[in-house]
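Undergrad: could you look at this predicted model? Sequence included:
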Amino acid sequence: MAENLPPCPTCSSEYTYEMGALLVCPECGHEWSPASIEPAQAAADTAIRDAVGNVLADGDTVTVVKTLKVKGSPSGIKAGTKVRNIRLVTGVDGHDIDCKIDGFGPMQLKSSVVKKA
């Protein structure tokens, strides 16, 4: 029993099992085809999500959810600051949002410190 089956897409139970061509969840009774879930999971895994779990896209407006310190600035970016027209990038150390903040200029943010507005 060394197989690694995916968790249930409905209740996230890890105790799924195979029954013929379907996967079955013993906790909620949900049945699904493993082929129908894999492409959707691949797309969902690559999506960049905000602190709440919303999927972000280029051009979105986000709000900073916690006060951030900025090197070389006496004051940081305050919680509640709106950032318009973000661009999603593959950044360094988890900084995956490229943006321009009024009063600070261009910078990169982590998606875990913003919320979709």
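TA: Structure's in. What do you need?
Undergrad: show the low-confidence segments of this structure, by residue range.
TA: Low-confidence segments of the chain, defined by pLDDT under 70, span residues 1-3, 36-45.
Undergrad: centroid-nearest residue for it?
TA: Averaging the C-alpha coordinates of the chain gives a centre point, and the residue nearest to it by C-alpha atoms, centre = their mean is Arg49 (2.3 Å).
Undergrad: that one against Val114, yeah?
TA: No - proximity of Arg49 to Val114 does not meet the contact threshold set by C-beta atoms under 8 Å, at 10.2 Å. Every residue, glycine included, has its C-beta placed from N, CA and C.
Undergrad: now do the shared contacts for these two.
TA: Here Arg49 and Val114 have Leu56 as joint contacts, going by C-beta atoms under 8 Å, 6 or more residues apart in numbering.
Undergrad: and Cys11, how far is that from Cys28?
TA: Distance from Cys11 to Cys28, counting by C-beta to C-beta, to the nearest Å: 4 Å.
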